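[1] the sequence isn't on hand, but the structure is:
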C-alpha cells in the first residue's frame, strides 16, 4: 500500500471525515506534486489536489484528481465542498495551518480541526526503495561537494570562498542545496550553525562543513570536521566524536527508541566530562524535509522503523576553542543500521 493509500485508510480509525495537507513537501511526498502552493484533500471516497491552474502541468496524473481554482475565495469554497456536506472532523498538519486559514475555512464554527501530525510525520518518514535510492544519490553528491571544498583548503582561504565551491558542485549535480551550508574555521566551529563569512583559514585549525543536496525532493545532510594542520587537543575532540558516532550507529535497529540512540552517542562524551558541551539531541530523520521526525534526542520515545533514513550527528562544542561535529546518513533495515552509501534496495521490503 502506497503512502497516500495508507493516509486514506487511516481516516476511519482516527474518526476523521477528511484530511487536509497544504505543506509543499507533503504534497510532493504524498502525490508527487512539485509545487509551492496547493492543498490535498483526502476523504474516504476521494483524493483531490486543489491547485492554481498554472501548476497543473507540474503534476503527473493518476494518483489524485486535480481541481483548479482561481482566487482565495474560490479556494476556500472549493475546500469546503471537497470536505463534504456532513464533514465535521478535519485532520490537519497543525504547523502548516494558520489561525487565519482556519477562520477562512470555518467561518461558522461547524468544523473541528484535529491535529494529525503524528500520523503524517510517520508516513513521510517511511521511505520506499526508490526514495532511499534518490537519497543515496543525494548523499553521494553531498560527499563529493564536501570533498571539493576540503581540497581547496589553504591558509588564507575564506569560509565564503569554500561555500561558493560547495554550492557550485551541488547546483551542477542536483536540484539544489537542502539548506544553507554551514562552514566554519577555528574557534567558529564551536557555533553549531555558523553562517559562512569572511573568516580566513589559519594554521592548525578545525574546519567544519555541513551541507546537503536534494534529488527528487529528498534532502541529504552530512557534516565533516577535519583538522587543518596539527593540534593534539583538536584531534582528541575528533577521536571522541568519532567514538560517539560509531556507538550511535551500532545502536540503530528497528524498535529502538530515539532516546536510546541519543544515549549511545552521549555516553562516551559524558565519560570524557564534556556532556555539557553537546546539544540535547544527536540526529533526526531525513526525507522530503531535512529535519523530520523522529528527532533523536533525550527522552524521545519514538521507535525507529524499517525504511527510515537517519542523520546521526554527535558534536562537542568548546567556546573559544572550537567544535567537532560528524554526521552520517543511516538507513534503518531489518537487521540494524546501514550507511546509506552501502545500502542496497533488496534490504527494503516494500
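    Looks like it arrived, so ask away. Predicted model only: the values in this text are computed from it and were never measured.
[2] center of this protein, which residue is that?
    Note on the chain: the residue nearest the mean C-alpha position is residue 290, at 2.3 Å, using C-alpha atoms, centre = their mean.
[3] contact partners for that one?
    Going by C-beta atoms under 8 Å, 6 or more residues apart in numbering, residue 290 touches 178-179, 212, 219, 221, 284, 311. Every C-beta, even on glycine, is put in place using the N, C-alpha and C of the backbone.
[4] in a strand, it, correct?
    No: assessed by DSSP: H, G, I helix; E, B strand; the rest coil, residue 290 does not belong to a strand; its assignment is coil.
[5] scan the contacts of residue 290 and report the most crowded one.
    Highest neighbour count within those, by other C-beta atoms under 10 Å: residue 212, with 28 neighbours.
[6] need the nearest residue in space to that residue, chain neighbours excluded.
    Computed as C-beta to C-beta, 6 or more residues apart in numbering, the closest residue to residue 212 that is not its neighbour in sequence is residue 178, at 3.1 Å.
[7] any low-confidence regions in the stretch 1-150 of the chain?
    The stretch 1-150 of the chain contains residues with pLDDT under 70 at 1, 56-58, 60-61, 70-72.
[8] helix/strand/coil for residue 37?
    Recorded secondary structure, residue 37: coil (three-state DSSP).
[9] no, scratch that, I was asking about residue 193
    coil.
[10] for residue 182, what are its contacts?
    192-196, 208-211, 223.
[11] quick one, grab the pLDDT at it.
    Looking at residue 182, its pLDDT reads 97.
[12] okay, and the beta partners of it?
    Taking DSSP bridges as the rule, residue 182 bridges to residue 210.
[13] which helix in the chain runs the most residues?
    helix 129-151 (DSSP state H).
[14] on contacts alone, who are the packing partners of it?
    Where contact means 3 or more C-beta pairs under 8 Å, 6 or more residues apart in numbering; DSSP states H and E, helix 129-151 is packed against helix 159-173, strand 205-211, strand 213-215, strand 218-219, strand 222-228, strand 328-333.
[15] most tightly surrounded among the ones you listed?
    Comparing the helices and strands packed on helix 129-151 by mean neighbour count (mean count of other C-beta atoms under 10 Å), strand 218-219 ranks first with a mean of 27.
[16] can I see the domain layout of this structure?
    Per the record, the chain has its domains at 3-125, 129-347, by automatic domain parsing.
[17] winner for burial among these?
    Mean neighbours per residue, mean count of other C-beta under 10 Å, is largest over these for domain 129-347, with a mean of 19.
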